[in-house]
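# Next comes the sequence, and after it the predicted model I'd like to discuss.
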Amino acid sequence: MPQPSSTLPCPCGALSPRRKPLAYADCCGRYVEHFDTTPAPDAERLMRSRYSAFVRERRDYLLATWHASQRPATLEFEPGAHWLGLAVRRHRVLDADHAEVEFVARYRTAGLGAGGRAVRLHERSRFVREDGRWYYVDGDSR
């Protein structure tokens, strides 16, 4: 019998203090599924939850956590993308309301047969906190 998606390991790859994979519900799921009542407490957890939202194609969460000054009108997902993993390289707090997170996210595009293109997204993202909530502003690709 398949496990409910909330008990599967979180797509962001976060580990417990005992180095065990955290369940989605105990990690990013609490933010993605309950954005109105449970905002991510810091920029790194917002970035991790946004990665999980990309994996789960949660357009609503991604747009809601994108700062209004940079938020696109629409958001499309790469058809057939298979997300392979996330590595957070650095989380830097600039002040109480600004932070940066450097990360590498990997995925494979859909292709013919076993084909497809491997994509490596290396970005230094900027985040801002307004009214107690963190938002993704923009990022520089590396």
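Perfect, thanks for sending it.

# distance between stretch 69-86 and the chain's centre?
10 Å (C-alpha atoms, centre = their mean, to the nearest Å).

# Equivalent analysis for stretch 31-49, please.
Centroid displacement of stretch 31-49 relative to its chain, using C-alpha atoms, centre = their mean, is 9 Å.

# residues making contact with it?
Counting by C-beta atoms under 8 Å, 6 or more residues apart in numbering, stretch 31-49 makes contact with 10, 12, 14, 25, 27-28, 30, 52-53, 56, 58, 61, 64-65, 86, 88, 91, 93, 99-101, 103, 125, 127, 129, 132-136, all of which sit outside it. C-beta here means a position set from N, CA and C on the backbone, and glycine is covered the same way.

# May I have that stretch as CSV, with CA atoms only?
Output in CSV follows, covering the C-alpha atoms of stretch 31-49 (Å, rounded to 0.1, in the frame of the first residue of the first chain):
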residue,chain,number,x,y,z
TYR,A,31,4.2,25.9,5.2
VAL,A,32,3.0,24.8,1.7
GLU,A,33,-0.3,23.3,2.9
HIS,A,34,-1.0,26.0,5.6
PHE,A,35,0.4,29.2,4.2
ASP,A,36,-2.3,31.4,5.6
THR,A,37,-1.7,30.3,9.2
THR,A,38,1.9,29.0,9.2
PRO,A,39,4.4,31.1,7.3
ALA,A,40,8.0,29.9,6.9
PRO,A,41,10.0,31.3,9.9
ASP,A,42,13.1,32.2,7.9
ALA,A,43,14.4,32.7,4.4
GLU,A,44,16.1,29.2,4.2
ARG,A,45,12.9,27.4,5.1
LEU,A,46,10.9,29.5,2.7
MET,A,47,13.4,28.6,-0.1
ARG,A,48,13.2,24.9,0.8
SER,A,49,9.4,25.1,0.9
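
# buried stuff in that stretch?
The neighbour-count check on stretch 31-49 (16 or more other C-beta atoms under 10 Å) flags 31-33, 35, 39-40, 43-49 as buried.

# Which helix or strand lies directly C-terminal to the helix ranked longest in the chain?
In the chain, assigned by DSSP state H, the helix with the most residues is helix 43-55. Using DSSP states H and E, the helix or strand that follows helix 43-55 in sequence is helix 59-64.
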